[in-house]
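[1] Just the structure for this:
(one chain, ligands or ions: 1)
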Amino acid sequence: MLQPPHSSLQVAAVPAQRGTPRDRDQEAPWHTEAVCRRDEAGLFFAPSKEPTAARLSREEAAKRVCARCPVMVECREHALLQPEPYGVWGGLTAAERRVVLARRRRREMELKKTARTTGRIAAAG
Ligand code: SF4
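    The predicted structure follows:
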């Protein structure tokens, strides 16, 4: 996992068992343009025992930051490919990324199925 662009305050909010990406010295090129690098509001990762209403409000605020970020596409793809299990990345919450990944897997399975069917038809014809 690459170091996230989120500020140290957000990274510090991630429990130790999830890893502390801040400790890693790898940095993706797009990190330098990340709007959240200097964000100090703790928007991107949940503090422990965060009430639902507070989480929803925090996530919406994080998404507003992402919406004006020039590297949102790169960030989102990174979070989907890792996959990053926690936090808001590329304007998506962890739950939203799981939905996107499930849709991608379903689409890939359908494409493979279509390719197999097409191959069988071509071989028979
Ligand atoms: S898209 Fe959001 S989480 Fe990703 S780098 Fe930009 S501000 Fe940070």
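
[2] quick one: buried residues of the longest helix belonging to the chain?
    Longest among the helix segments of the chain by residue count, using DSSP state H, is helix 94-124. Buried residues in helix 94-124, counted by 16 or more other Cβ atoms under 10 Å: Ala94, Glu96, Arg97. The C-beta positions use only the backbone N, C-alpha and C, and glycine is treated the same way.

[3] could these go into JSON lines alongside distance to the ligand?
    Listed next are those as JSON lines, based on distance: Cβ to the nearest ligand atom, whole Å:
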{"residue": "Ala94", "distance to the ligand": "12"}
{"residue": "Glu96", "distance to the ligand": "13"}
{"residue": "Arg97", "distance to the ligand": "12"}
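
[4] I'd like to know which elements the longest helix of the chain is packed against.
    On a contact count with 3 or more Cβ pairs under 8 Å, 6 or more residues apart in numbering; DSSP states H and E, helix 94-124 meets helix 72-81.

[5] Which secondary structure elements does the helix it packs on sit against?
    Packed next to helix 72-81, using 3+ Cβ pairs under 8 Å, 6+ apart, are helix 94-124.

[6] The helix it packs on: how far from the chain's middle?
    Between the centre of helix 94-124 and the centre of its chain there are 22 Å (Cα atoms, centre = their mean, to the nearest Å).

[7] list the contacts for the residue sitting furthest away from the middle of the chain?
    Centroid-distance maximum for the chain: Gly125 at 44.9 Å, with Cα atoms, centre = their mean. Taking Cβ atoms under 8 Å, 6 or more residues apart in numbering, we find Gly125 in contact with no residue.

[8] Relative to Arg76, which of the buried residues of helix 94-124 is nearest.
    Arg76 lies nearest to Arg97 out of the buried residues of helix 94-124, by Cβ to Cβ, at 8.1 Å.

[9] what does the protein have sitting close to the ligand?
    Neighbours of the ligand within the chain, by Cβ under 6 Å from any ligand atom: 5, 34-36, 44, 65-66, 69, 71-72, 75, 88-91.
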